[in-house]
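>>> From the sequence below, what's the structure:
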Amino acid sequence: MTHLAPNEFVATVKFDASGLVVAVVQDATDNRVLMVAWMNRDALARTLTTRDVTFWSRSRTKLWRKGETSGHTQRLVEAWVDCDGDTLLLRVNQTGPACHTGQPTCFFTQAKL
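Next comes the predicted model:
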């Protein structure tokens with residue numbers, strides 16, 4: 001396992017042509033996947049610095065701190081980048097539901113197999 005300072009960590013991330021990287025958000029307590037969102041370089045740097053998880057809103061084309069209007073915040077516990085550098089895993093302490101629908105996680109619909 002390698003530990004990197006925030007600026008070194010950001011430098012390892014391969015942002016796509018739009019300057020974005022996908023972030024999988026996982027509950028640090030029970031390991032549930034809470035949501036998937038996008039981050040740009042600024043969102044990632046702010047998240048690592050403040051530990052208040054911040055994303056890039058593609059629809060609003062601006063940064064948004066999770067919970068800034070709902071109060072359902074995410075506090076960063078750990079940040080990981082995958083071996084290819086193109087996916088982030090953020091382990092967080094979640095306050096309130098993670099999903100805008102009010103569900104605890106955005107993953108509440110399962111395929112019947």
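>>> Would you double-check that Thr47 falls in a helix?
Yes - secondary structure assignment places Thr47 in a helix (DSSP: H, G, I helix; E, B strand; the rest coil).
>>> all helices of this protein, in order?
In the chain, the helices defined using DSSP state H lie at 6-12, 41-50.
>>> So which of these is the most surrounded?
A comparison of the helices of the chain by mean neighbour count, using mean count of other CB atoms under 10 Å, puts helix 41-50 on top with a mean of 18. (C-beta placed from N, C-alpha, C; glycine too.)
>>> quick revisit: could you redo the helices of the chain as JSON lines and give each row distance to Arg58?
Formatted as JSON lines, the helices of the chain follow (distance: least, CB to CB, whole Å):
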{"stretch": "helix 6-12", "distance to Arg58": "20"}
{"stretch": "helix 41-50", "distance to Arg58": "12"}
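>>> Adding distance to Lys112 and mean pLDDT as columns, could you present those in JSON lines?
Below are the helices of the chain laid out as JSON lines (distance: least, CB to CB, whole Å; pLDDT from 0 to 100):
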{"stretch": "helix 6-12", "distance to Lys112": "40", "mean pLDDT": "97"}
{"stretch": "helix 41-50", "distance to Lys112": "36", "mean pLDDT": "98"}
